[in-house]
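[1] Quick one: sequence and predicted model below, then my questions.
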Amino acid sequence: MRAVTFQAPGEVSIEERPEPEITSQDEAVIEIDVTGICGSDLHIYHGRVQIEPGFTIGHEFVGTVLEAGDGVSRVQPGDRVLGTFHTACGTCFFCLRGVFHKCEEMRVFGHGKLLGSLQGTQADRALIPHANMTLRKVPDGVKDDVALFAGDVMGTGYHAVAQSDVRPGDSLAVLGLGPVGLCAVQVAVAAGVSPVLAIDSVEQRLELARAFGATPVHVTEDDPREEAKRVTDGRGVDAAIDAVGHPDALDLAIRLARKAGVVYAIGVYAEPCQVHMGLVWIKALTLRSGFANVIGHVDHVLDMLGSGKLDPTPLVTHHMPLDDAPEAYALYDRREAMKIVLTP
Ligand SMILES: [Zn+2]
Ligand SMILES: [Zn+2]
């Protein structure tokens, strides 16, 4: 079968790989129908997240079950399914406490040895461990392009908002309007959070945020700190989400949040970074971080996608054949696409 493999920074290729085979009763093999390219794939592409050359990448997917072990009860062959970007065992210390993203056996699709040596989903077919935890049936009427978001990007936006402790009527700032930031904006608006300040420097992204019901704020042409004060009687926003993963965004989030507010760093951090702890301390901020507990949220996110309360369709800018993956990565790297969907 064909698979998109990492070769070297700036280089991916299409290679022949052996067919996946079930080795344990709780696994399934699926035929990939669509698979997305994610911002975290770009970290691999750039060499910022290091994986072995020849490893199959990709972790966003919708597919059809080909084969399932005897222990798989949630789905069966022929079912149209979506998957979460990582697996969890369901029985360890962390899973029993519902923090599936910290599972002791957690493995992420397409991230090499570093995250569990689990081959990725930008391929014709993929092996799915712990299928009862990892897979869900796609509800009737939910399109592939929409379902694709449930197991990663929308689940991540959902997690960031949920962890920000905002209630209807609370104010929120979202810094960085890539797919995750824009999904966080949608979730917040759907939850009745208002106002939602959506901060970025790219005009089209600001326009999308406006269409989703947020107040767009240009990071340099406007004054985000003044804007946050203006809409909160001078207090600052109840919560701020850093969806960039850069110290400048984190610093701004800390400054935009009100006293005793919440700052959530959902953007990827892989290096040490300086945080103004004096400001965090004197403002009594709650600082949270980490990637999302998508397994914990996937059923609720699917309900909201199914009812149309959340609709990530406008974020899908490109459909391309799997064979064009090298071109798709180059295009994504040039920031000419928001979400590229590959079809094997
Ligand atoms: Zn992702
Ligand atoms: Zn576990």
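    Nice, thanks for sending it over. In this text, all values refer to a predicted model and were calculated from it rather than measured experimentally. Ligands and ions are numbered 1, 2, ... in the order given.
[2] wait, V34 sits on I340?
    No. V34 lies out of contact with I340 (CB atoms under 8 Å); the separation is 10.5 Å. Bear in mind the C-beta positions are built from the backbone N, C-alpha and C, glycine included.
[3] A188 is in contact with V174, correct?
    Yes. With contact defined as CB under 8 Å, V174 counts as touching A188 (7.2 Å).
[4] Which residue of this structure lies farthest from its centroid?
    In the chain, D233 marks the outermost C-alpha relative to the chain mean, sitting 33.0 Å out by CA atoms, centre = their mean.
[5] Tell me the secondary structure of that one, please.
    Assigned by DSSP: H, G, I helix; E, B strand; the rest coil, the conformation of D233 is coil.
[6] what's the burial count for R235?
    Using other CB atoms under 10 Å, R235 has 14 neighbouring residues.
[7] again with S73
    10.
[8] Without its sequence neighbours, what residue ends up closest to the residue of the stretch 151-300 of the chain found nearest ligand 2?
    Of all residues in the stretch 151-300 of the chain, the one sitting closest to ligand 2 is I295 (9.7 Å; CB to the ion). Of all residues not flanking I295 in the chain, F100 sits nearest, at 3.9 Å (CB to CB, 6 or more residues apart in numbering).
[9] Please look at P344 and I32 and confirm they touch.
    Yes. P344 lies in contact with I32 (CB under 8 Å); the separation is 5.3 Å.
[10] and V174 and A188? which has more neighbours close in?
    Shown here are V174 and A188; by other CB under 10 Å, V174 has more neighbours (35 against 30).
[11] Would you double-check that R210 falls in a strand?
    No. Assigned with three-state DSSP, R210 falls outside any strand and is helix.
[12] Strands along the stretch 201-344 of the chain, start to end?
    Using DSSP state E, counting those that start in this stretch, the strands of the stretch 201-344 of the chain run over residues 215-218, 237-242, 257-265, 286-289, 316-321, 339-343.
[13] Residue of the stretch 1-150 of the chain nearest ligand 1, please.
    Proximity to ligand 1, evaluated over the stretch 1-150 of the chain using CB to the ion, is greatest for C38 at 3.1 Å.
[14] give me every residue that touches I14.
    Each residue near I14 by CB atoms under 8 Å, 6 or more residues apart in numbering is listed here: R2, A3, V4, T5, L322, D323, A325, P326.
[15] tell me which element it is part of?
    strand 11-16 (DSSP states H and E).
[16] List the neighbouring strands of that strand plus their orientation.
    strand 2-8 (antiparallel) (DSSP bridges).
[17] pull the CA atoms of the strand it pairs with into PDB?
    C-alpha atoms of strand 2-8 as PDB (Å, rounded to 0.1, in the frame of the first residue of the first chain):
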ATOM      1  CA  ARG A   2       1.000   3.600  -0.400                       C
ATOM      2  CA  ALA A   3       2.100   5.800   2.500                       C
ATOM      3  CA  VAL A   4       3.400   9.300   3.000                       C
ATOM      4  CA  THR A   5       6.700   9.100   4.700                       C
ATOM      5  CA  PHE A   6       9.000  11.600   6.300                       C
ATOM      6  CA  GLN A   7      12.500  11.600   4.700                       C
ATOM      7  CA  ALA A   8      14.400  14.700   5.800                       C
END
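[18] Average pLDDT for that strand, rounded please.
    Averaged over strand 2-8, pLDDT sits at 97.
[19] got the angle between that strand and strand 339-343?
    Interaxial angle, strand 2-8 versus strand 339-343 (axes from the mean of the first three to the mean of the last three CA atoms, to 10 degrees): 130 degrees.
[20] So that it lines up with my notes, have the first residue be 883 from now on.
    Fine by me, first position is 883 from now on; the one you just mentioned is strand 884-890.
[21] Buried by neighbour count: which residues of strand 884-890 qualify?
    R884, A885, V886, T887, F888 (16 or more other CB atoms under 10 Å).
[22] of those residues, list those near ligand 1.
    By CB under 5 Å from the ion, no member of these lies near ligand 1.
[23] Could you work out the most separated pair of those?
    Across these, the longest distance by CB to CB is 14.8 Å; it joins R884 and F888.
[24] Give the full set of residues in contact with the nearest residue to V1101 once chain neighbours are set aside.
    Leaving out its chain neighbours, the residue that sits closest to V1101 by CB to CB, 6+ apart is S1083, at 4.9 Å. Counting by CB under 8 Å, 6+ apart, S1083 makes contact with H1100, V1101, T1102.
[25] I'm done for today, thanks for sticking with me.
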